[in-house]
Every structure is written in C-alpha cells, then in structure tokens.
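Engineer: My questions concern the predicted model and sequence given below.
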Amino acid sequence: MPFERPEIIRPPSEWKSYFLPLTSGCSNNTCAFCNYYGSKLRVRKAEEVKEEIDALARYLKAGIQMPSMHYLVYAVGRSWDQKRVFLQDGDALVYPFPKLVSILAHLNEKIPAVERIGTYATAQDILRRSPEELKTLRDLKLGIFYMGLESGDDEVLQKINKGVDARQMIEAGRKAKEAGIVLSVTVILGLGGVAGSEKHALETARVLSEIDPDYAGALTLTLVPGTPLYEQAQEGSFHPISPFRSLEELKIIIENAGFSNCFFSSMHASNYFSVRGRLPAERERMLDELARILNRRDPSLLRPDFLRGL
C-alpha cells in the first residue's frame with residue numbers, strides 16, 4: 001500500500017521544525033491510554049523520503065515546486081527557518097538503522113543549515129540500539145529524543161501495557177544521555193487513577209531522578225474514546241482523579257524529583273495549570289505557584305476543559 005502521510009503530532013518545542021515522515025503510526029501500539037492504540041505501523045520507503053528532501057532543498061534554493069509532492073512540503077517549508085527537523089511519526093527511531101543513517105546523511109548533504117534533528121523514541125527503540133549506533137545518529141545531528149515515561153510505577157506501566165518497566169526506562173534514558181543525545185521525558189498526571197495517585201506521583205519522581213533528563217514535561221491524562229482506559233473509566237473500573245488532584249501530583253513530582261539541571265514544564269494544553277522552570281534552581285518558586293492555586297481551590301483559576309486538548 002502507498003504510504004499515507006500522518007497528521008502532524010509533535011512535541012510543543014518542535015513547532016518551528018520541518019516535519020519529515022519516516023513512519024506512520026507506532027510500533028508500540030498497545031498503550032491503553034494512547035491515541036495511537038491499535039494503529040498499524042507503516043514504514044516509508046527510504047527512496048521516497050529522500051525524494052521529499054530533494055524537493056524541499058530545491059524549493060528552498062530556487063522556489064521550485066513539484067506537483068507530485070504533498071502540499072505540506074511547501075506549506076511547512078515556506079516559513080521554515082531551516083534549523084530543526086522533526087522525524088515523524090510515533091517512534092521514527094524504529095526505522096531500519098542503515099536506511100535511517102542514509103536518510104540523515106542525505107538530509108545533511110542537501111540542507112546543511114539544519115542544526116538539530118529530533119524524534120519520538122520509545123524505550124524499546126533506544127534499548128535495541130548499541131551505544132555506537134546512537135553516537136552515529138548523534139553525529140548526523142539526531143540530537144534530541146522525546147521519550148514517554150508516563151509513570152515510574154511498575155504497576156501502572158503494566159496496567160497500561162507500556163511494554164517496559166521502570167528499570168528499562170531508566171536504562172534507556174541513561175543510554176541516550178551517555179551517547180550525547182539530549183533527552184526530553186514526558187509523564188502523565190492522573191495515570192494511576194484515584195487509588196494509585198500517590199504511588200504514581202512518588203515513583204514517577206524517583207524514576208525521573210534516576211534518569212535525570214535535560215527536559216521533563218508533565219501532561220494530564222485525557223481519556224481517548226476507543227482506548228482501553230477510556231472503556232475502563234466508562235465501566236467504572238478506572239476512576240480518574242480531579243483537576244486539583246492532578247496539581248497535587250504535579251507538586252509531589254516537583255518536590256521529590258532530584259534533578260541535576262532539568263527544565264521542567266507543565267505547559268502542555270492538557271494541563272489545568274501551567275508551571276515551568278529550572279530544577280532544582282527554581283523549585284521553591286514553582287511550588288509556591290502551585291500552593292497558591294491549591295490553597296484557593298478556585299475552579300476559575302484552572303484551564304477550562306474546552307481549552308484542554310492533546
């Protein structure tokens with residue numbers, strides 16, 4: 001079947017990037033909370049990826065547009081500053097290694113102004129790469145991985161079918177950092193439900209501390225129709241936490257995470273309230289901001305549900 005270009009789903013920090021699809025869907029498609037649940041992984045032909053790179057380079061140099069190219073190549077390329085590229089889709093790092101190397105080398109040759117390439121990376125993808133392979137990718141400017149930790153609680157990871165445990169998450173995160181690749185880790189507030197809230201938050205803080213990423217971001221659980229977790233909530237076997245409890249989880253994580261120097265943010269649109277700053281340097285300020293909201297318990301201070309999203 002011909003490769004179908006995926007929707008642009010990207011980390012907030014990649015908003016200025018050019019989005020280059022290598023895959024569609026996700027190989028780890030069993031996560032009970034995720035909108036990729038049940039998706040089928042499709043791998044794009046390397047030749048097709050290189051044709052898009054060639055077309056983009058031609059457009060940037062001479063303004064020439066190829067009728068056969070997807071309109072997004074030019075829609076995104078028109079305002080692109082040529083500094084960053086984001087490889088789609090859910091885990092482009094699963095792409096066959098020799099072909100990935102050839103694509104990155106081609107991209108660097110055709111558009112040498114590119115400074116950094118990023119991708120989502122599952123822990124499984126990172127663990128299957130040798131340290132030498134990761135360093136090769138880094139040398140080709142693949143400079144940042146976005147890894148979903150979701151939770152540091154093994155019980156939660158098992159319930160959501162993450163496919164790895166906390167120990168493997170720690171190993172993957174450290175492996176990426178040791179290869180010189182910047183690591184951004186996301187966690188999901190509320191993923192343990194009401195019963196598992198405290199443990200989820202504390203264990204997540206512990207695992208984040210052991211990984212010690214360059215960046216960490218907190219999202220708040222959004223139940224996606226068609227996923228197992230959504231069905232569990234409908235049936236009453238999973239009890240979502242309240243908006244203010246999500247902020248209490250966020251407070252627990254910030255209080256207990258022992259980072260060396262991490263930029264931590266809850267700016268994602270799924271969150272009810274946003275804080276951000278360097279940890280540990282700005283810990284007290286961030287905790288004070290959360291404490292003011294939690295002490296007042298005024299719903300009008302929270303982001304309304306109609307403005308929240310994935």
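Structural biologist: Sure, I can see it.

Engineer: how much space is there between Ala281 and Phe263?
Structural biologist: As for Ala281, its distance to Phe263 is 10 Å (criterion: CB to CB, to the nearest Å). For the C-beta atoms, the positions are set from N, CA and C on the backbone; glycine is no exception.

Engineer: no, scratch that, I was asking about Met66
Structural biologist: From Met66 over to Phe263 (counting by CB to CB), the distance is 39 Å.

Engineer: Over to Asn28?
Structural biologist: For Asn28 relative to Phe263 (CB to CB), the value is 26 Å.

Engineer: So for Ala281 and Phe263, which residue has more residues nearby?
Structural biologist: With neighbours defined as other CB atoms under 10 Å, Ala281 and Phe263 compare such that Phe263 has more, 17 against 11.

Engineer: got the end-to-end distance for stretch 296-303?
Structural biologist: This stretch, stretch 296-303, spans 15 Å end to end (CA to CA, to the nearest Å).

Engineer: what's around the residue lying closest to Tyr215 once chain neighbours are set aside, how many residues?
Structural biologist: Using CB to CB, 6 or more residues apart in numbering and skipping the chain neighbours, the partner closest in space to Tyr215 is Ser184 (3.9 Å). Residues within reach of Ser184, counting by other CB under 10 Å, total 23.

Engineer: Ser184 should be in a strand, yeah?
Structural biologist: Yes. Assessed by DSSP: H, G, I helix; E, B strand; the rest coil, Ser184 belongs to a strand.

Engineer: per-residue pLDDT, it?
Structural biologist: pLDDT for Ser184: 97.

Engineer: if I pick it, what's in contact with it?
Structural biologist: 11, 13, 144-147, 213-217 (CB atoms under 8 Å, 6 or more residues apart in numbering).

Engineer: any idea how far His106 is from the residue of the chain most remote from its centre?
Structural biologist: Centroid-distance maximum for the chain: Ala62 at 34.2 Å, with CA atoms, centre = their mean. From Ala62 across to His106, the span is 19 Å (CB to CB).

Engineer: The helix or strand containing Phe264 packs against which elements?
Structural biologist: Following DSSP states H and E, one finds Phe264 within strand 262-265. Under the contact definition 3 or more CB pairs under 8 Å, 6 or more residues apart in numbering; DSSP states H and E, strand 262-265 sits against strand 215-220, strand 276-279.

Engineer: What strands line up against it, and which way round?
Structural biologist: Strand 262-265 has the following strand partners under DSSP bridges: strand 215-220 (parallel), strand 276-279 (antiparallel).

Engineer: and those, which is most packed in?
Structural biologist: Mean neighbour count (mean count of other CB atoms under 10 Å) peaks for strand 215-220 among these, with a mean of 23.

Engineer: Give me the contact list for that strand.
Structural biologist: The contact list for strand 215-220, computed with CB under 8 Å, 6+ apart, reads 11-13, 182-190, 208, 246, 250, 253, 257, 259, 262-268, 270-272, 308.

Engineer: Now, of the residues you listed, which are buried?
Structural biologist: 11, 13, 182-190, 208, 246, 250, 253, 257, 259, 262-266, 268, 270-272, 308 (16 or more other CB atoms under 10 Å).

Engineer: Surely Glu133 touches Pro96?
Structural biologist: No. The pair Glu133 / Pro96 is not scored as a contact, 11.6 Å apart, by CB atoms under 8 Å.
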